[in-house]
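Chemist: the following block contains a protein sequence and its predicted model.
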Amino acid sequence: MDRALPKYVALTFDDGPSAYTAYILDILKRYNIPATFFVVGSEVKKFLNLIRRIDTEKHVIGNHTWNHPDITTLSQNELWEEINSTNIQIRKIIVHSPNLFRPPYSSINDKTAADIGKFGMTSVLWNIDSQDWHEKSPFAIHQHIIKNLKNNNLIIMHDGDQYGSGPRDQTVTSLIKIIKYLIKNNYCFITVPEFHQLAYKIEKCS
């Protein structure tokens, strides 16, 4: 009898840290779930203890620029400044800096992708958008994720509230139900680096 293929989920959170990040970390800790946080440098400066907590609790930190611009509008030097200044700020807090990068708005082209690689960073998109950036109902966020699940899932959610999406209450509220569903249906929770080892090249912006 063939054994069923493992089913993987990498939960990722963008635009933080913020006050909402602590609530998300509490939930992840309760269920022993690893996640990956793509943080914005200008927000990192405001929430040093949250960056320390994310690292201490064995989650992965990625770079999401300093000011959340559309990177396709930047020169190579401007892009380098956005990435490097964020890495420097993170390194001041937790000694090491990220090598994962997520472009704001999923806006990336061949030139910026090549530049990101030259900077020693790995670009990360996703294959399931939770839609929490515009959905105001936790139920709608939950349903959107559930109906789009695959065997290998790299899911984008948001813990930051400073870049047009407003409060993150709906994300926090939906997260427990999403995790419970995934546990019940035998999904294995992993970080983005683990995802790249186990299920590489299935991610796409959708």
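Modeler: Arrived safely. Residues are numbered from 1 along each chain as shown.

Chemist: C-alpha only now, for contacts and for neighbours.
Modeler: Noted.

Chemist: return the set of buried residues in stretch 132-143.
Modeler: Asp132, Trp133, Lys136, Pro138, Ala140, Ile141, His142 (16 or more other Cα atoms under 10 Å).

Chemist: what mean pLDDT does the longest helix anywhere in the chain get?
Modeler: As assigned by DSSP state H, the longest helix anywhere in the chain is helix 76-94. Averaged over helix 76-94, pLDDT sits at 98.

Chemist: poorly predicted segments of the protein, please.
Modeler: For the chain, applying pLDDT under 70 flags the ranges 1-3, 165, 200-206.

Chemist: ok, and what's touching stretch 159-169?
Modeler: 13-18, 20-21, 24, 68, 133-134, 158, 171 (Cα atoms under 8 Å, 6 or more residues apart in numbering).

Chemist: and if we set it to 10 Å?
Modeler: Outside stretch 159-169, the residues within contact range by Cα atoms under 10 Å, 6 or more residues apart in numbering are 12-24, 37-40, 43, 67-69, 104, 132-138, 157-158, 171-172.

Chemist: quick one: terminal-to-terminal distance for that stretch?
Modeler: Its start and end residues considered, stretch 159-169 measures 9 Å (Cα to Cα, to the nearest Å).

Chemist: stretch 140-157 now?
Modeler: 13 Å.

Chemist: can you get me the start-to-end distance on stretch 161-173?
Modeler: Span of stretch 161-173 from end to end, Cα to Cα: 15 Å.

Chemist: check which residues of it are buried.
Modeler: By 16+ other Cα under 10 Å, the buried positions in stretch 161-173 come out as Asp161, Ser165, Pro167, Arg168, Asp169, Gln170, Thr171, Val172, Thr173.

Chemist: cool, stretch 99-116 as well?
Modeler: In stretch 99-116, counting by 16+ other Cα under 10 Å, buried: Asn99, Leu100, Phe101, Arg102, Pro103, Pro104, Ile108, Thr112, Ala113, Asp115, Ile116.

Chemist: please tell me how far the second one sits from Val172.
Modeler: Taking Cα to Cα as the measure, Leu100 falls 24 Å from Val172.

Chemist: need the helices for this protein, in chain order.
Modeler: Going by DSSP H, the chain shows helices at 19-31, 41-44, 48-56, 76-94, 110-118, 138-147, 169-184, 192-198.

Chemist: how distant is the longest one from the center of its chain?
Modeler: It refers to helix 76-94. For helix 76-94, the separation from the chain centroid amounts to 17 Å (computed by Cα atoms, centre = their mean, to the nearest Å).
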